[in-house]
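Visitor: Everything below, folded, please.
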Amino acid sequence: MRLNKAQTTVIVLLNLLIAALVAYIFLSPYFVKAGGGQGGTPPDGDPPNQGANTDPVPPHNKLRDAIAGKTPEILRETRLMGTGDEHVVSVFFKDGVTYVFGNAGVGDLDFDSYGGFLCTVNGAGTILGFTYFAGAITAASAVGGGYAVATESGAGTGDATAKLYFVDYTGDARETATLDGAARDVFALDNNKLAVVTQPTSSSLKFSEYATGEGEFALGRSTRIECWYNLTYFDCYDLGGTYVISARAHSLPLYDAVVFFTFVPGGSETAHYYGGSNDAKTRPYAVMPFGGGYFALADKGGLATLISVDYAFKSYHSSSLDFTFEDARLFFTGGKYYACFDRADGAITYELDENLGRRRLDGLGGASVRCAASVGETALVGVKGEYKDGKRDNKALELHLPASGKSLSLDVTDGEAYGANKSADGITLVITARGGEALSSPSGGSDVYIVTVKL
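Guide: You can find the predicted model right below:
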């Protein structure tokens, strides 16, 4: 078909329109960049890009120096921070270095993973390093050349696994053994041997010896204790080849007693009970050996009671203190024993002698003692607050030196004390807290604080 002039003109115009559209599609990005509107320089009056932070995020500095304290009494503070709850299990002081063993609730900020950790801090409060463990730490102790650390993962499940580690003073950790149950205690017997007390079931305990050498632990003799009752472990004592384990034996609401198991490793145990059913029920809270036998703090008939028993378990004596209490702890330092009874209206602390003679320490002002240590003289570190719905609401941390009469009170929220040591310019305390006016703000739940104070 032959096109007339008008048809030819229309086709030419359509082709020109199509070419213009194609050119716009391919060239429009260049026009947009050169103009002001969407991607170039904003026109006058338009706000710059909002909500887009282009500043580089600084890395979190874990190995950092201490900061100055917030109050005149605190010379410096080092805070171990994570957005979860951090708890301390054990603290050791060695050659100017503080070794803090604990468990982190979240693996962030200072902590690479949740669970067991070791943090080392020097005398100036500088963080030297971190070591991490598989599972939560349940016990730790100083042994020859370093520390023995017990952990548990999968607690309360069928896959629960307990491990034993050796950690040298540099923080290098090596797994050395698998344990039969979670460890309740680890302690050195001598430079070449340590003992581990585990709890395979709620009604059993197991004592195991390990020979140590160059950081390796070899299993030796062991004794497993089976009981008719649920057991709460207190302590284990070496009496020169014969051992004694103290525990609470209970099957509530019918039975409650303190029990002592005596044994030679590898042999069977003999049980010695004090308590029982009905009016004889005796709930122990703390047990400790002394010159002629053992002390125990207990609830008997609803009242605070001091109990003593000789090493042969033939003579028991008890003395009622005629008041009720919520919890109790025993301490030994500086050649003296201290018994603290928590009460709803303030704790009562006694200095005890070996004959159960007692002297009340009124200078503590109702503080609940959590730690006793030698700092040139005996230091008692505690917390002060009120009981609400069966829980203590701590608002202050207290440091007392009974011999010199010196004391210090710090505004600390929900504090707990784990260790104290004399430093070159004051007293170093290891605590956990959820804040307070005396401390820098925590990053989440409870943080660990290493603070040096001066009275």
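
Visitor: Low-confidence stretches in the stretch 301-450 of the chain?
Guide: Low-confidence segments of the stretch 301-450 of the chain (pLDDT under 70): 387-392.

Visitor: can you give me the strands for it?
Guide: Secondary structure of the stretch 301-450 of the chain (DSSP state E, counting those that start in this stretch): strands at 303-310, 316-320, 327-333, 336-342, 348-352, 358-360, 368-374, 378-388, 391-401, 406-411, 416-422, 427-433, 447-453.

Visitor: Mind putting these into JSON lines with distance to residue 250?
Guide: (C-beta placed from N, C-alpha, C; glycine too.) Formatted as JSON lines, these follow (distance: least, Cβ to Cβ, whole Å):
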{"stretch": "strand 303-310", "distance to residue 250": "16"}
{"stretch": "strand 316-320", "distance to residue 250": "18"}
{"stretch": "strand 327-333", "distance to residue 250": "16"}
{"stretch": "strand 336-342", "distance to residue 250": "20"}
{"stretch": "strand 348-352", "distance to residue 250": "25"}
{"stretch": "strand 358-360", "distance to residue 250": "27"}
{"stretch": "strand 368-374", "distance to residue 250": "24"}
{"stretch": "strand 378-388", "distance to residue 250": "23"}
{"stretch": "strand 391-401", "distance to residue 250": "22"}
{"stretch": "strand 406-411", "distance to residue 250": "37"}
{"stretch": "strand 416-422", "distance to residue 250": "26"}
{"stretch": "strand 427-433", "distance to residue 250": "29"}
{"stretch": "strand 447-453", "distance to residue 250": "33"}
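
Visitor: Using JSON lines, lay out these together with mean neighbour count and distance to residue 229.
Guide: Formatted as JSON lines, those follow (neighbours: other Cβ atoms under 10 Å; distance: least, Cβ to Cβ, whole Å):
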{"stretch": "strand 303-310", "mean neighbour count": "19", "distance to residue 229": "18"}
{"stretch": "strand 316-320", "mean neighbour count": "13", "distance to residue 229": "19"}
{"stretch": "strand 327-333", "mean neighbour count": "19", "distance to residue 229": "20"}
{"stretch": "strand 336-342", "mean neighbour count": "21", "distance to residue 229": "25"}
{"stretch": "strand 348-352", "mean neighbour count": "21", "distance to residue 229": "28"}
{"stretch": "strand 358-360", "mean neighbour count": "13", "distance to residue 229": "30"}
{"stretch": "strand 368-374", "mean neighbour count": "21", "distance to residue 229": "29"}
{"stretch": "strand 378-388", "mean neighbour count": "21", "distance to residue 229": "29"}
{"stretch": "strand 391-401", "mean neighbour count": "20", "distance to residue 229": "27"}
{"stretch": "strand 406-411", "mean neighbour count": "17", "distance to residue 229": "42"}
{"stretch": "strand 416-422", "mean neighbour count": "21", "distance to residue 229": "30"}
{"stretch": "strand 427-433", "mean neighbour count": "25", "distance to residue 229": "33"}
{"stretch": "strand 447-453", "mean neighbour count": "24", "distance to residue 229": "36"}
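
Visitor: Which one, of these, ends up nearest to residue 212?
Guide: strand 416-422 (23.9 Å; Cβ to Cβ).

Visitor: What helices and strands are in contact with the closest one?
Guide: For strand 416-422, the elements it packs on are strand 86-94, strand 368-374, strand 378-388, strand 391-401, strand 427-433, judged by 3 or more Cβ pairs under 8 Å, 6 or more residues apart in numbering; DSSP states H and E.

Visitor: partner strands of it, parallel or antiparallel?
Guide: strand 427-433 (antiparallel) (DSSP bridges).

Visitor: Now do the strand it pairs with: everything it contacts.
Guide: Here strand 427-433 makes contact (Cβ atoms under 8 Å, 6 or more residues apart in numbering) with 86-88, 91, 93, 98, 100, 375, 379, 381, 397, 399, 412-422, 439, 442, 446-455.

Visitor: thinking again about what came up before, want to throw the helices and strands packed on strand 416-422 into JSON lines with distance to residue 131?
Guide: Below are the helices and strands packed on strand 416-422 laid out as JSON lines (distance: least, Cβ to Cβ, whole Å):
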{"stretch": "strand 86-94", "distance to residue 131": "13"}
{"stretch": "strand 368-374", "distance to residue 131": "23"}
{"stretch": "strand 378-388", "distance to residue 131": "26"}
{"stretch": "strand 391-401", "distance to residue 131": "27"}
{"stretch": "strand 427-433", "distance to residue 131": "17"}
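
Visitor: Can you check which of those strands gets nearest to residue 61?
Guide: Of the helices and strands packed on strand 416-422, nearest to residue 61 by Cβ to Cβ is strand 86-94, at 17.8 Å.

Visitor: Heading C-terminal from that closest one, find the next helix or strand.
Guide: strand 97-104 (DSSP states H and E).

Visitor: what does the average pLDDT come to for that following strand?
Guide: Averaged across strand 97-104, the pLDDT comes to 98.

Visitor: That strand packs against which elements?
Guide: By 3+ Cβ pairs under 8 Å, 6+ apart, strand 97-104 packs against strand 86-94, strand 115-121, strand 136-143, strand 146-153, strand 427-433, strand 447-453.

Visitor: what packs against the last one?
Guide: Going back to what we said before, that points to strand 447-453. strand 74-80, strand 86-94, strand 97-104, strand 427-433.

Visitor: For that strand, what is the distance to the chain centroid?
Guide: In terms of Cα atoms, centre = their mean, to the nearest Å, the centre of strand 447-453 is found 13 Å from the chain centre.
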